[in-house]
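**Q** curious how this folds, go ahead:
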Amino acid sequence: MPDPADPAAPQRPDLHPSAAVRWLLVAVGIVATLVGIVGAFVPVLPTTPFLLVAAACFARASPKLDRMLTGSATFGPTILEWRRHRSIPWRTKLVAIGLMSAMIAVSAVFFVRPWWAQALLVAVGAATGAWLWRIPSRDRPPRAR
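**A** The predicted structure is shown next:
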């Protein structure tokens with residue numbers, strides 16, 4: 001259990017007072033988790049944003065599901081980094097952008113035929129990559145001069 005006096009400890013919001021809203025948040029969190037897991041294997045579908053949505057839902061609805069997700073060796077460190085510092089680890093960011101770029105290129109060249117759909121795919125990928133690039137990384141190595 002994180003120490004509430006520690007400023008670096010992730011702050012978990014209180015549970016929502018409405019049982020109906022908590023059930024809805026759990027349902028949305030489960031769907032977001034499943035989509036995030038699928039996104040790890042499907043081109044163009046991101047993983048991290050869906051898992052962050054799931055973590056936000058579980059934090060307000062189910063401490064047990066929140067602990068399961070944040071305790072995951074695969075997803076937990078990234079979620080906790082986001083909660084503590086609103087940042088994504090540098091390596092995670094580079095891998096995400098690299099894999100997303102490769103999958104978009106393969107999809108645009110081999111699977112999407114109309115030129116406008118290829119352009120749309122590349123535009124969405126570029127916008128997503130730019131958004132991801134702008135998220136801070138606390139562990140970014142210093143720039144070479």
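**Q** C-alpha only now, for contacts and for neighbours.
**A** Noted.
**Q** my guess is Ile37 contacts Thr47. True?
**A** Yes - the criterion here is CA atoms under 8 Å, and Ile37 meets it with Thr47 at 6.4 Å.
**Q** more neighbours: these two, which one.
**A** Between Ile37 and Thr47, counted using other CA atoms under 10 Å, Thr47 has the larger neighbour count: 21 against 18.
**Q** leaving out sequence neighbours, find the closest residue to the residue minimising distance to the centre of the chain.
**A** Against the mean C-alpha coordinate of the chain, by CA atoms, centre = their mean, the closest residue is Thr48 at 1.7 Å. Of all residues not flanking Thr48 in the chain, Gly36 sits nearest, at 6.7 Å (CA to CA, 6 or more residues apart in numbering).
**Q** same deal with His16?
**A** Closest to His16 by CA to CA, 6+ apart is Arg60, at 5.5 Å.
**Q** contacting residues around the helix or strand hosting the one you found?
**A** Secondary structure assignment for Arg60, by DSSP states H and E: helix 48-61. Here helix 48-61 makes contact (CA atoms under 8 Å, 6 or more residues apart in numbering) with 12-16, 21-23, 25-26, 28-33, 35-36, 65-66, 69-70, 75, 79.
**Q** next one: it to chain centre, how far?
**A** 9 Å (CA atoms, centre = their mean, to the nearest Å).
**Q** may I see the buried residues of stretch 106-124?
**A** Within stretch 106-124, the residues scored as buried using 16 or more other CA atoms under 10 Å are 107-108, 118, 121-122.
**Q** okay, now the domains of the chain?
**A** 19-85, 90-134 (automatic domain parsing).
**Q** okay, those domains in TSV with mean pLDDT and distance to Arg140 next?
**A** Shown next, in TSV, are the domains of the chain (pLDDT from 0 to 100; distance: least, CA to CA, whole Å):
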stretch	mean pLDDT	distance to Arg140
domain 19-85	91	13
domain 90-134	91	5
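**Q** could you dump those domains into TSV with distance to Ala144 added?
**A** Shown next, in TSV, are the domains of the chain (distance: least, CA to CA, whole Å):
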stretch	distance to Ala144
domain 19-85	25
domain 90-134	16
